[in-house]
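Q: when you get a sec, could you give me coordinates for this:
(2 chains)
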Amino acid sequence: NAGVTQTPKFRVLKTGQSMTLLCAQDMNHEYMYWYRQDPGMGLRLIHYSVGEGTTAKGEVPDGYNVSRLKKQNFLLGLESAAPSQTSVYFCASRGTGFGTQYFGPGTRLLVL
Amino acid sequence: QKEVEQDPGPLSVPEGAIVSLNCTYSNSAFQYFMWYRQYSRKGPELLMYTYSSGNKEDGRFTAQVDKSSKYISLFIRDSQPSDSATYLCAMSAMTGGFKTIFGAGTRLFVKA
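A: Numbering: from 1, shown residues only, chains lettered A, B, ... in the order given. Sure thing, here's the model as predicted:
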């Protein structure tokens, strides 16, 4: 039981490049989330999904897109990376009702 | 004004000290109050949560919620060097799909 996994762990991009971050969970959770964490800002919600095939915008969605084609996977895409997107990205999942959010180990992204 | 305010610290204490970590919030709809612990270069993990007002104790950790003051606290007794981490408060309301708002996190150092 791996919990929540994220790929890749670390990536360096040049401004304007694109990439996709993959999140996978094996707990059969309905809800999945993408956050970014910056010094002094805490965790800020980018996008989230309440079930397979659904997505919704969070607090800071601009410059990102997401897809949830399969229940266990939640993809975060950057179409044209900017230095302001340098951050640590965390994926999380939880079941229905109130419950613990389980976080992945994070992806460190540096945009030059 | 942020919905959740948390002093980022850092807070440095000697081993064995009692640690008090606090958050204030502005949204009276919050009903679930959580504390996450995040070790360096790891994802956050839930430490404990409280529903509505009151206290909850788990070993050396005690969480308190004062809804009238919109103030929550986490106390750590007999602090250990292994408690050195960032502690994030988080809050959810039953409306909006239990969307969780996180504080910025307080960095804690416990010196041996």
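Q: my read: residue B:89 touches residue B:102, true?
A: Yes - Residue B:89 is within contact range of residue B:102, at 7.3 Å (criterion: CB atoms under 8 Å). Using the backbone N, CA and C atoms, a C-beta is placed for each residue, glycine as well.
Q: which of the two has more neighbours?
A: Comparing residue B:89 with residue B:102 by other CB atoms under 10 Å in any protein chain shown, the one with more neighbours is residue B:89, at 27 against 24.
Q: quick revisit: so what sits against both of residue B:89 and residue B:102?
A: By the contact definition CB atoms under 8 Å, 6 or more residues apart in numbering or on different chains, residue B:89 and residue B:102 are jointly contacted by B:4, B:36.
Q: list the contacts for the residue of chain A found nearest chain B?
A: Relative to chain B, the nearest point of chain A is residue A:103 (3.4 Å; CB to the nearest CB). By CB under 8 Å, 6+ apart, the residues touching residue A:103 are A:4, A:90-92, B:43-45.
Q: which one (most neighbours) among the residues you listed?
A: The most crowded member of the contacts of residue A:103, judged by other CB under 10 Å, is residue A:91 (30 neighbours).
Q: I'd like to know how far the residue most central in space within chain A sits from residue B:39.
A: Centrality entry for chain A: nearest residue to the mean C-alpha point is residue A:34, 3.0 Å, by CA atoms, centre = their mean. Separation of residue A:34 from residue B:39 (CB to CB, to the nearest Å): 21 Å.
Q: cool, residue B:15 as well?
A: Taking CB to CB, one finds residue B:15 at 17 Å from residue B:39.
Q: look through chain B and report the residue furthest from the middle.
A: Distance to the chain centre peaks in chain B at residue B:112, reaching 22.6 Å (criterion: CA atoms, centre = their mean).
Q: what sits closest to the residue of chain A closest to chain B if chain neighbours are left out?
A: In space, and not counting its chain neighbours, residue A:103 is closest to residue B:43: 3.4 Å by CB to CB, 6 or more residues apart in numbering or on different chains.
Q: how close does that neighbour get to residue A:24?
A: In this view, residue B:43 and residue A:24 are 14 Å apart by CB to CB.
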